[in-house]
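Visitor: no letters, just coordinates:
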């Protein structure tokens, strides 16, 4: 957690842990709970939306790109 505070100090940004979530790429729910408890934030899971694009731990599907392509069109 020290590196997150270093990030805040170096960049002058504040991490909002109430809005943050933890996603562990391993299939280990116990590890995810422990990390979320240490960081005092929620558990998350894929897929997630970021800036209107679906994010997955693997290659995006065709339908994941459709909302963005529709906005561009």
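Guide: Nice, I can see it. Please read these numbers as outputs of a predicted model, since none were measured by experiment.
Visitor: only C-alpha atoms from now on, for both contacts and neighbour counts.
Guide: OK.
Visitor: where exactly do the helices run in the chain?
Guide: With helices called from DSSP state H, the chain shows them at 2-11, 29-39, 62-72.
Visitor: just name the most buried of these.
Guide: Mean neighbours per residue, mean count of other Cα atoms under 10 Å, is largest over the helices of the chain for helix 29-39, with a mean of 15.
Visitor: how distant is that one from the center of its chain?
Guide: Chain-centre distance of helix 29-39: 14 Å, with Cα atoms, centre = their mean, to the nearest Å.
Visitor: pLDDT wise, what is residue 10 at?
Guide: Residue 10 carries a pLDDT score of 93 in this model.
Visitor: now it: how far from residue 19?
Guide: Separation of residue 10 from residue 19 (Cα to Cα, to the nearest Å) stands at 21 Å.
Visitor: what of residue 3?
Guide: 18 Å.
Visitor: please apply the same query to residue 53.
Guide: For residue 53, the distance to residue 19 equals 18 Å [Cα to Cα].
Visitor: which one's more surrounded, those two?
Guide: residue 53 (15 against 8; other Cα atoms under 10 Å).
Visitor: so the more buried one makes contact with residue 70?
Guide: No. Look at residue 53 against residue 70 with Cα atoms under 8 Å: they stay out of range, at 11.9 Å.
Visitor: cool, thanks, talk later.
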